[in-house]
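# Fold the following, please.
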Amino acid sequence: MSDLETLSPRAYRVEAPLPSGPLRRVMGVGKRSDGTLVVFSAIQLDEAGMRALDALGPVGFIIVPTGYADGVMFAG
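Alright, predicted model coming up:
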């Protein structure tokens, strides 16, 4: 897994390879004004990645932008 990249004080991204094939996937993270995080297109993180994400704040929403998940949005 690649490191959590800071795009701005409230926007982050992680890029990682797909398990098979040459394509890569990207997860976006936004920090809301209340300090909670919105995770867009979540991917599995290793332990260091989870610690880095936890350090940003609590996850408030996970958005799954795919037809395979029926557009479900989860709130924590």
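# where's residue 25 relative to residue 33, distance?
Distance of residue 25 to residue 33, computed by CB to CB, to the nearest Å: 28 Å. Bear in mind the C-beta positions are built from the backbone N, C-alpha and C, glycine included.
# Who has more neighbours out of the two?
residue 25 (13 against 6; other CB atoms under 10 Å).
# Make sure the more buried one is indeed in a strand.
Yes: counting by DSSP: H, G, I helix; E, B strand; the rest coil, residue 25 falls inside a strand.
# That one and residue 15 touch, don't they?
Yes: using CB atoms under 8 Å, residue 25 is in contact with residue 15, at 7.2 Å.
# Okay, now the unreliable bits of this protein?
1-2, 67-76 (pLDDT under 70).
# Count the neighbours of residue 38 for me.
Neighbour tally, residue 38, other CB under 10 Å: 15.
# if I pick it, what's in contact with it?
29-32, 60-63 (CB atoms under 8 Å, 6 or more residues apart in numbering).
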